[in-house]
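Q: Have a look; sequence and predicted model below, questions after that.
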Amino acid sequence: MPAIATTRSLSDYSKINISACRQQLKQADKPFLDFSYQYRGKAYNYSIQVSKTPCNYGGHRHWFLCPSCSKRTSVLYFAATYVCRHCIGANYQSQLQQPIDRLFSRLHTIRQRLGWQAGIAYGIGERPKRMHKSTYNRLVSEHEQLTAKVWQATLDKLHCTH
Ligand SMILES: [Zn+2]
């Protein structure tokens with residue numbers, strides 16, 4: 001087994017970008033986003049503060065304020081609740097044994113074996129030259145199932161996605 005704690009990277013986490021929430025912010029016209037989802041049988045309902053800064057070319061852009069440290073960020077990472085990249089560093093050790101993380105670590109192992117770039121966002125890569133076709137097909141199919149489970153377990157439960 002690989003050392004999970006040292007091989008995990010930020011790209012392995014589900015994340016949400018402020019740009020995906022643009023429509024919701026426009027319609028609601030309020031300085032926060034409501035989050036409501038189930039994770040590990042527990043219901044999460046909370047708001048994440050949003051701030052605005054003017055753009056160079058007119059208009060303005062939005063930022064999340066991290067619920068944990070209140071710093072401005074354009075990306076939040078999922079660790080039961082959403083936090084910024086600095087906070088997830090302090091958080092992820094306690095998350096390692098959760099089912100979603102087991103899915104991620106298995107995905108990571110498969111991607112490493114195939115020599116693909118880390119992070120499920122990069123999708124399916126090529127078959128390594130020395131790998132048997134049947135092995136490759138088996139790993140790709142397992143990878144696809146795991147990816148589907150990961151998305152289902154996290155993103156579908158959010159209001160703030162398309
Ligand atoms: Zn933070």
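A: Nice, thanks for sending it over.

Q: in the lengthiest helix in the chain, what counts as buried?
A: Identified as the longest helix of the chain according to DSSP state H is helix 133-153. For helix 133-153, a neighbour-count test (16 or more other C-beta atoms under 10 Å) marks 139, 143, 146-147, 150, 153 as buried. The C-beta positions use only the backbone N, C-alpha and C, and glycine is treated the same way.

Q: what mean pLDDT does that helix have?
A: Per-residue pLDDT over helix 133-153 has a mean of 86.

Q: among the buried residues of helix 133-153, which are within reach of the ion?
A: When C-beta under 5 Å from the ion is applied, no member of the buried residues of helix 133-153 is adjacent to the ion.

Q: got the contact list for stretch 38-58?
A: Contact with stretch 38-58 is made by 18, 21, 25, 31-37, 60-65, 67, 70, 72, 76, 80-82, 98-100, 153-154, 157, as judged by C-beta atoms under 8 Å, 6 or more residues apart in numbering.

Q: and it with the ion, contact?
A: No - legend: contact between stretch 38-58 and the ion by C-beta under 5 Å from the ion is lacking; minimum distance shown is 11.0 Å.
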